[in-house]
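Engineer: Here is my input; please provide its structure:
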Amino acid sequence: MKTDVEELSPTRVRLSVEVPFEELKPSLDKAYREIAQQVRINGFRPGKVPTAVIDSRVGRDNVLSQAVNDAIPGLYDKAIADSEVQALGQGAVDIAELDYGKQLTFTIEVEIRPDFELPDLSTLSVEVDGTLVTPDEVEEYLAQLQERFASLKSVQRPAASDDFVSIDLSATADGKPVEDAQASGLSYQVGSDSMLDGLDEAVTGLSAGETATFRTELAGGEFAGQEADVTVTVHSVKTKEMPTLDDDFAQLASEFDTLGEFRASTRGQLERSKSMQQVIQARDKALEAVIDAIDIPLPEGIVTAEVEQSKASVQDQLTRAGAELEGYLAAIGQSVEQYETETEERARRAVKVSLILDKVARQEELSVTAEELSEYVGRQAEQMGVPPERLAQQLAQSNQLNFAAAEVVRAKAMNVIAERVKVADPSGAVIDVAAALAAPVSGTAGTDQDDADEDDDQDVIDADIAGEDEA
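Structural biologist: Below is the predicted model:
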């Protein structure tokens, strides 16, 4: 088999392939055997029909077409391998010459990985946030934790801002009850302004058992946009009671006996969290620095496929939500033209990122072990809420395990970039990203939330790559 390569553009080639007729013989014999089993001709048992009879009854050209269709996939792969082009996706095959007894001639037009050079990563530099934890940040964290352990206590007084009230609501428009604006037993925080305009003012000052009426514009239902009279009845008034920040609270909210120990642990946990966020930021910014440093001709066919996949994903989500694209765009204040432009920009970036990471992976000869792939699938399964075994089986059945492996390799490539690019904090101190990535994510956790935060950090790292579609 002979293959010639013609460069159509930096990202597309045409392969002209010539196959001697003798190389088609295995596929031709297979075609005759299959047809002999299928045809029913008097005087011949199935599978015993001579080739001459098949030629006369079925047509030799039809047999040849079936043989070529069977042979093309293998010939395609061989032509790609022989030409040593780095093909992206499936190319278009055009059979130029097909005659019995003569050589088969066909062409393949296929997108290829563009040839480009990576910059010297050590010459690039980025700045990331520092990891200093201030006393105010520690107190803010503890205050948030106090909120989680707060309780509601009934009070015998008029409702005030930040109180929680249990209320009934009923509305009338033009003297008639509005059926979809009647509710009872609602819990509402006074001052949150999260329900109806005027509700906060009406409720403030009411005690349990008291009622007030106010006029407002209804937000939804049959009378949306119309003025209505709304009556609110307060059933109870409760205030949030915060636990005292002392040793008892430390024992309640953590594994520590004293508030001092709990504060020290909290500071350490916040420092670890900031360090992990610093690494994530370093990876993102280092990659952006590489993206900005090089100009890569992008394979337009791959970009188009990425655009279509993105649009299909958005449409699928909207369909499942019972919404339409026009309504969604109106809700987020975006025109169709802006949506089209942003979708293409994201697609072009995703393709460029994939090309860069794959280039780094090849240069560094990065690979994925079975253990690494298993860990990745396990984290993805946890995020999806399914057993890891089921997700692994689904990936295998849909031939997506290679995609998962590519995601792991690309994550490694991002780490290589972050390790080679100079990363510094605002003070100018250089960050050893390699050491940070090698360090285990561990430490004495003050609360269950601390452990969850550490898991979330790894999920964010995975998501950095999962968001980039394969080119």
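
Engineer: tell me the domain boundaries of the chain?
Structural biologist: Residue ranges for each domain of the chain read 2-112, 121-132+270-466, 151-241, as given by automatic domain parsing.

Engineer: distance between the ends of the first one?
Structural biologist: Between the opening and closing residues of domain 2-112 we find a distance of 20 Å, counting by CA to CA, to the nearest Å.

Engineer: coming back round to it: which one, of the domains of the chain, ends up nearest to Leu142?
Structural biologist: domain 121-132+270-466 (9.6 Å; CB to CB). The C-beta positions use only the backbone N, C-alpha and C, and glycine is treated the same way.

Engineer: List the strands paired with the strand ranked longest in the chain, with their directions.
Structural biologist: If you go by DSSP state E, the chain has its longest strand at strand 227-241. Strands flanking strand 227-241 in the sheet, each with its direction: strand 151-154 (antiparallel), strand 164-173 (antiparallel), strand 211-217 (antiparallel) (DSSP bridges).

Engineer: Of those strands, flag the one that's most buried.
Structural biologist: strand 164-173 (a mean of 19; mean count of other CB atoms under 10 Å).

Engineer: For the following helix or strand past that strand, which strands pair with it and how are they oriented?
Structural biologist: Per DSSP states H and E, strand 164-173 leads on to strand 176-177 as the next helix or strand towards the C-terminus. Strands that pair with strand 176-177, judged by DSSP bridges, come out as strand 164-173 (antiparallel).

Engineer: what sits up against the partner strand?
Structural biologist: The contact list for strand 164-173 (CB atoms under 8 Å, 6 or more residues apart in numbering) reads 152, 159, 177-178, 181-190, 196, 203, 206, 218, 223, 226-240.

Engineer: Now the buried members of these.
Structural biologist: Neighbour-count burial (16 or more other CB atoms under 10 Å) applied to those gives 159, 178, 181, 188-190, 196, 203, 206, 218, 223, 228, 230, 232-234, 236-239.

Engineer: So which residues of the stretch 301-450 of the chain form helices?
Structural biologist: Applying DSSP state H, counting those that start in this stretch to the stretch 301-450 of the chain gives helices spanning 325-331, 336-363, 370-384, 388-397, 401-420, 433-438, 448-466.

Engineer: which helix of the protein spans the most residues?
Structural biologist: helix 259-293 (DSSP state H).

Engineer: For that one, what is the distance to the chain centroid?
Structural biologist: 22 Å (CA atoms, centre = their mean, to the nearest Å).

Engineer: Which other helices and strands does it contact?
Structural biologist: With contacts taken as 3 or more CB pairs under 8 Å, 6 or more residues apart in numbering; DSSP states H and E, helix 259-293 sits against strand 125-127, helix 135-148, helix 247-253, helix 336-363, helix 401-420, strand 422-424, helix 433-438, helix 448-466.

Engineer: Low-confidence ranges, the protein, go.
Structural biologist: 220-221, 440-471 (pLDDT under 70).

Engineer: Centroid-wise, who is the farthest residue in it?
Structural biologist: Largest separation from the mean C-alpha position in the chain: Gly43, at 62.7 Å (CA atoms, centre = their mean).

Engineer: Kindly confirm my reading that that one forms part of a strand.
Structural biologist: No: according to DSSP: H, G, I helix; E, B strand; the rest coil, the state of Gly43 is coil, so it is not within a strand.

Engineer: quick one, what contacts it?
Structural biologist: Contacts of Gly43 by CB under 8 Å, 6+ apart: none found.

Engineer: Nearest to Leu245, out of the helices of the stretch 301-450 of the chain?
Structural biologist: helix 448-466 (17.0 Å).

Engineer: Which of the three states applies to Ala31?
Structural biologist: Ala31 - assigned by three-state DSSP - is helix.

Engineer: now the helices and strands packed on helix 259-293 as JSON lines including mean neighbour count?
Structural biologist: Formatted as JSON lines, the helices and strands packed on helix 259-293 follow (neighbours: other CB atoms under 10 Å):
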{"stretch": "strand 125-127", "mean neighbour count": "16"}
{"stretch": "helix 135-148", "mean neighbour count": "14"}
{"stretch": "helix 247-253", "mean neighbour count": "16"}
{"stretch": "helix 336-363", "mean neighbour count": "17"}
{"stretch": "helix 401-420", "mean neighbour count": "20"}
{"stretch": "strand 422-424", "mean neighbour count": "19"}
{"stretch": "helix 433-438", "mean neighbour count": "15"}
{"stretch": "helix 448-466", "mean neighbour count": "16"}
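
Engineer: Any idea which of the ones you listed gets closest to Pro26?
Structural biologist: Short answer: helix 401-420, nearest of the helices and strands packed on helix 259-293 by CB to CB, at 28.3 Å.
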